[in-house]
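A.B. asks: how would this look folded up:
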Amino acid sequence: MKTKNKLLTLLVLSASAAAATAVINKCIKLSATSKNLLSDTKAHCYKWRFGNIHYTKTGSGKPLLLIHHLSEHGSGYEWNQMINNLKDQYTVYTVDLLGCGRSEKPDLTYTNYLYVQMISDFIKSEIGHRTNVIASGSSSSLAVMACNNAPELFDQIMLINPDSLLMCSQIPNKHSKVYKFILDLPIIGTLLYHIATSKQAIKEEFSTHYFSNPYSVKNSLIDIYYESAHLGESPKSLYASVTCNYARCNIVNSLKKIDNSIYIVGGEDMENIDDMIREYQRYNPAIETSLIGNSKFLPQLENPTELLRTIQMYFV
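C.D. replies: Predicted structure coming up:
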C-alpha cells in the first residue's frame, strides 16, 4: 500500500512539474513575440512544398539574392542596413530560410540538401534569372552546393565568413543523436531550447562571436533576434538540426567543380580567418578574398559601409 501511494505521489508530482513547465514554455513564447518587431506588410510569400517562405524584393537591375546565416534566430533582417544602398543597382531579394525568421517552421529534420533545393527552387520560381548571391556564415555551404547542382541559376557568389571546411563536413554522432532526441521531446526539449535562446544567451553570442565591438550591440537588435527565435510552429526543430550537425555537408567536391566567380569576405577580427581562406583557396585557387575592418562575424550589421564598398568592387 505504501509503495502504491509513493508511486501515485510521484506520478502526481511529475504531472504537475510537466504542466508547470509547459505553462512556462508558453509564457516565454508569448513574451518573446509580443512586440511583433518582425511584422512586414510589404513582404512576399513563396509557397514552397515544405512550407511558406517569407521574402522581400526591392530595387531594380540585376537580381541579387541575400541569404542570412543559418541559425535558429537568423532572418533576412540581417541585411536591413544594406538593402537601401544596394537597391539602386540591383533587384534585391532577402529570404528567410525555412525554419527561420518569419518563414514557416515545420517540425522536421532540416538538412543541407533541403536548403539546397529550397534556394534553387526559389531562384527558378521567384527570380527567374541568373542571380548574384551573397551568403553569410553557415549558409555559405548551401550556396556552394546549390551552385554546383544548378550552375545555370547562379552568376557571382560572395561568401561572408563561411564555416571552415572541417566544420562543414561534420556529421551526427551517437551523442548528437541522443541530444536531438531529447530536444525533440515536447516539454523538456522546448525548455532546453528556451534556455539556449534566452535573451541573455543571444546577447552573449553577439558580444563574443558576432560583433568585434561588444559595446555596439544594441538592445533593439537583441529583441529582434530573440523574437525571430520564438516565432512559428516549431522553432526548436532547426536548432536541433543545426546543433546536432544534420544541416552540414562536405562541400570540397563542389568547391573544386564550380566555375563561377567566388569571393570570400571575412571580418578582420575573426579568429583563424586567414587559415579558413587558405583552406578554401587550396581547393579553388580562383577564389578572391577581402577582409572587412572593425568587424567580426556579421560585417553587414557591424560595418555595412565597408562591406558595401567591397560588394561594389567585386560585383561590377
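
A.B. asks: low-confidence ranges in the chain?
C.D. replies: 1-18 (pLDDT under 70).

A.B. asks: Helices of that one, residue ranges please.
C.D. replies: According to DSSP state H, the chain carries its helices in the segments 2-33, 80-86, 112-122, 140-149, 165-168, 174-183, 188-196, 199-205, 219-228, 236-243, 252-257, 273-283, 299-302, 304-314.

A.B. asks: Only the buried residues of the second one, if you could.
C.D. replies: Neighbour-count burial for helix 80-86 flags Asn80, Gln81, Met82, Ile83, Asn85, Leu86 (criterion: 16 or more other C-beta atoms under 10 Å). Every residue, glycine included, has its C-beta placed from N, CA and C.

A.B. asks: Out of these, which comes closest to Ser241?
C.D. replies: Asn80 (25.8 Å; C-beta to C-beta).

A.B. asks: Distance check, the closest one against Asp184.
C.D. replies: Relative to Asp184, Asn80 is positioned 32 Å away (C-beta to C-beta, to the nearest Å).

A.B. asks: Next: Asp163.
C.D. replies: Distance from Asp163 to Asp184, by C-beta to C-beta: 24 Å.

A.B. asks: swap in Ser71?
C.D. replies: Counting by C-beta to C-beta - Ser71 and Asp184 are separated by 18 Å.

A.B. asks: So which of those two has more stuff around it?
C.D. replies: Shown here are Ser71 and Asp184; by other C-beta atoms under 10 Å, Ser71 has more neighbours (25 against 16).

A.B. asks: rewinding a little: okay, the helices of the chain in CSV with distance to Gly59 next?
C.D. replies: Below are these laid out as CSV (distance: least, C-beta to C-beta, whole Å):
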stretch, distance to Gly59
helix 2-33, 30
helix 80-86, 7
helix 112-122, 17
helix 140-149, 20
helix 165-168, 31
helix 174-183, 39
helix 188-196, 36
helix 199-205, 30
helix 219-228, 22
helix 236-243, 29
helix 252-257, 29
helix 273-283, 30
helix 299-302, 16
helix 304-314, 13
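
A.B. asks: Spatially nearest residue to Ala240 (excluding sequence neighbours)?
C.D. replies: Leu183 (4.0 Å; C-beta to C-beta, 6 or more residues apart in numbering).

A.B. asks: In contact with that neighbour, which residues are there?
C.D. replies: Gly189, Leu192, Tyr193, Lys236, Tyr239, Ala240, Thr243, Cys244 (C-beta atoms under 8 Å, 6 or more residues apart in numbering).

A.B. asks: Show me what the lengthiest strand in the chain packs onto, helices and strands only.
C.D. replies: Counting by DSSP state E, the longest strand found in the chain is strand 51-59. Where contact means 3 or more C-beta pairs under 8 Å, 6 or more residues apart in numbering; DSSP states H and E, strand 51-59 is packed against strand 44-48, helix 80-86, strand 90-95, helix 112-122.

A.B. asks: and stretch 245-263, how far from the chain's centre?
C.D. replies: On the basis of C-alpha atoms, centre = their mean, to the nearest Å, stretch 245-263 sits 17 Å off its chain's mean C-alpha point.

A.B. asks: Tell me which residues of that stretch come out buried.
C.D. replies: 245-252, 254-255, 258, 260-263.

A.B. asks: Can you tell me which of these end up in strands?
C.D. replies: Checking these against DSSP E, those in strands are Ile262, Tyr263.

A.B. asks: Counting neighbours, what do you get for the closest residue to Asn85 other than its chain neighbours?
C.D. replies: Take Asn85 and drop its neighbours on the chain: the residue closest to it by C-beta to C-beta, 6+ apart is Leu308, 5.2 Å away. Leu308: 16 surrounding residues under other C-beta under 10 Å.

A.B. asks: dump the residue contacts of Leu308.
C.D. replies: Residues near Leu308 by C-beta under 8 Å, 6+ apart: Met82, Asn85, Leu86.

A.B. asks: Kindly report the same for Lys177.
C.D. replies: Cys244.

A.B. asks: Centroid-nearest residue for the chain?
C.D. replies: Taking C-alpha atoms, centre = their mean, the centroid of the chain lies closest to Leu70, which sits 1.7 Å from it.

A.B. asks: still on that earlier bit, the longest strand of the chain: partners in the sheet, and parallel or antiparallel?
C.D. replies: strand 44-48 (antiparallel), strand 90-95 (antiparallel) (DSSP bridges).

A.B. asks: of those strands, which approaches Ala146 most closely?
C.D. replies: strand 90-95 (12.3 Å).

A.B. asks: That closest one: how far from the chain's middle?
C.D. replies: 17 Å.

A.B. asks: got a list of contacts for that strand?
C.D. replies: Contacts for strand 90-95 (C-beta under 8 Å, 6+ apart): 46, 53-68, 76, 79, 83, 86, 103, 122, 126-127, 131-132.

A.B. asks: Only whichever of those are buried, select them in PyMOL.
C.D. replies: Burial among these is assessed by 16+ other C-beta under 10 Å; the matching PyMOL selection reads:
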select buried, resi 46+53+54+55+56+57+59+63+64+65+66+67+68+76+79+83+86+103+122+126+127+131+132
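
A.B. asks: If anything else comes up later, I'll come back, but that's it for now.
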